[in-house]
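A.B. asks: here are the coordinates; sequence isn't available:
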């Protein structure tokens, strides 16, 4: 019975998985049609350079395109066309990457929906089997299934349902952690305090000024200033290297400040949670104090009644003495 019930669940799961696969295949077909227009390229092969248009020549006024440009020096127009072809291929690859990322998102969403539907179906099967449970070794429908087999099928389905739910929870937890890491990277990139920004801008201006000096020194062609220009170029290169190192140090400080700010944010969240816990404890203490005050008021009322009863008793005693 366990195998039969699990087979029923598996068939339903197969039906459920059919639709996401169909959607995936349809999406693949659409992307394949788009890819046919985009002409996907094998990364192991070099990008072919586009040949220049043939100039009129030969006996009929036409000439063929060059089949290969290997071992030939490209002219300015050919280099421009080669660059344009590279830019075009890069754009095509970016569009293909966006399509693949979109397909991956759709596939992830369909996978999540399929997992939810499978869990729902397993629960329905479990409820159905629990509704027809029969005890005492009795059989169902003229000896078709025994109670022990039914209990075994129920335990198997419950274990499978728990494993599926645990796998889905782990996957969702992993996705949430990945999103948190992405957000943290973006925050680290955007974290730019004012003082560090000023140092980076000043270092960049100094680098630009030194590079300009190097450029002007290289343009000087006088023989009497050649050695001096070389020394200035060397000094400027040394200064540029020093400024680049300072820039790296400043960027490291920026990263450290961003991490410290993140730590402070986490500590603030922890303090906020502690404050909420303390507020709840304070409310509980105030409630206990109010209950104690109520009990004290009740005890005071009882003491007053006791005093009145004692006074009445004394009056009765006085009356008895006079009698």
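C.D. replies: Structure received. Bear in mind that the values here come from a model prediction, so they are computed numbers and not experimental data.
A.B. asks: hey, where'd the helices end up in the protein?
C.D. replies: Per DSSP state H, the chain has helices spanning 2-38, 76-131, 147-190, 194-219, 226-322. These are given in chain order.
A.B. asks: now for the last one, which elements pack on it?
C.D. replies: Put plainly, it is helix 226-322. For helix 226-322, the packing partners by 3 or more CB pairs under 8 Å, 6 or more residues apart in numbering; DSSP states H and E come out as helix 147-190, helix 194-219. In short, each C-beta sits where N, CA and C put it, glycine included.
A.B. asks: Serialize the helices of the chain to TSV and add fields for mean pLDDT.
C.D. replies: Output for those, formatted as TSV (pLDDT from 0 to 100):
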stretch	mean pLDDT
helix 2-38	40
helix 76-131	78
helix 147-190	76
helix 194-219	72
helix 226-322	85
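A.B. asks: Turn the ones you listed into CSV, including mean neighbour count.
C.D. replies: Rendered in CSV, the data for the helices of the chain read as follows (neighbours: other CB atoms under 10 Å):
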stretch, mean neighbour count
helix 2-38, 13
helix 76-131, 14
helix 147-190, 13
helix 194-219, 14
helix 226-322, 11
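A.B. asks: among the helices and strands packed on helix 226-322, which is nearest residue 268?
C.D. replies: Closest to residue 268 of these, according to CB to CB: helix 147-190, at 14.8 Å.
A.B. asks: quick check: angle from the closest one to helix 76-131?
C.D. replies: With axes from the mean of the first three to the mean of the last three CA atoms, to 10 degrees as the criterion, the two stretches helix 147-190 and helix 76-131 enclose an angle of 150 degrees.
A.B. asks: Which strands and helices lie in contact with helix 147-190?
C.D. replies: When contacts are defined as 3+ CB pairs under 8 Å, 6+ apart, helix 147-190 sits against helix 2-38, helix 76-131, helix 226-322.
A.B. asks: related to what we said a few turns ago, could I get the helices and strands packed on helix 226-322 in a markdown table, plus columns for distance to residue 240?
C.D. replies: As requested, these are arranged in a markdown table below (distance: least, CB to CB, whole Å):
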| stretch | distance to residue 240 |
| --- | --- |
| helix 147-190 | 25 |
| helix 194-219 | 5 |
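A.B. asks: thinking again about what came up before, dump the helices and strands packed on helix 147-190 into TSV; add distance to residue 212 as well.
C.D. replies: As requested, those are arranged in TSV below (distance: least, CB to CB, whole Å):
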stretch	distance to residue 212
helix 2-38	43
helix 76-131	28
helix 226-322	9
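A.B. asks: These: which one's closest to residue 179?
C.D. replies: When those are compared by CB to CB, helix 76-131 sits nearest residue 179, at 12.4 Å.
A.B. asks: Mind giving me the packing neighbours of that closest one?
C.D. replies: Packing contacts for helix 76-131, counted by 3+ CB pairs under 8 Å, 6+ apart, involve helix 2-38, helix 147-190.
A.B. asks: quick one, the last one and helix 226-322 angle?
C.D. replies: Going by the same axes, to 10 degrees, helix 147-190 is angled at 130 degrees with respect to helix 226-322.
A.B. asks: circling back to that earlier point, right, so of the helices and strands packed on helix 226-322, which gets closest to residue 261?
C.D. replies: Checking the helices and strands packed on helix 226-322 against residue 261 by CB to CB gives helix 147-190 as the closest, at 8.4 Å.
A.B. asks: so residue 118 makes contact with residue 161?
C.D. replies: No. Counting by CB atoms under 8 Å, residue 118 does not reach residue 161; the two are 9.0 Å apart.
A.B. asks: give the contact list for residue 214.
C.D. replies: 232, 233, 236, 237, 240 (CB atoms under 8 Å, 6 or more residues apart in numbering).
A.B. asks: how close does the first one get to residue 176?
C.D. replies: Spelled out, it's residue 232. For residue 232, the distance to residue 176 equals 57 Å [CB to CB, to the nearest Å].
A.B. asks: Name the nearest residue to residue 157, ignoring sequence neighbours.
C.D. replies: Across the structure, with CB to CB, 6 or more residues apart in numbering as the measure, the residue nearest residue 157 apart from its sequence neighbours is residue 126 (5.2 Å).
A.B. asks: Wait, that neighbour touches residue 156, no?
C.D. replies: No. In this structure, residue 126 sits apart from residue 156 without contact. The criterion is CB under 8 Å, and the distance is 10.2 Å.
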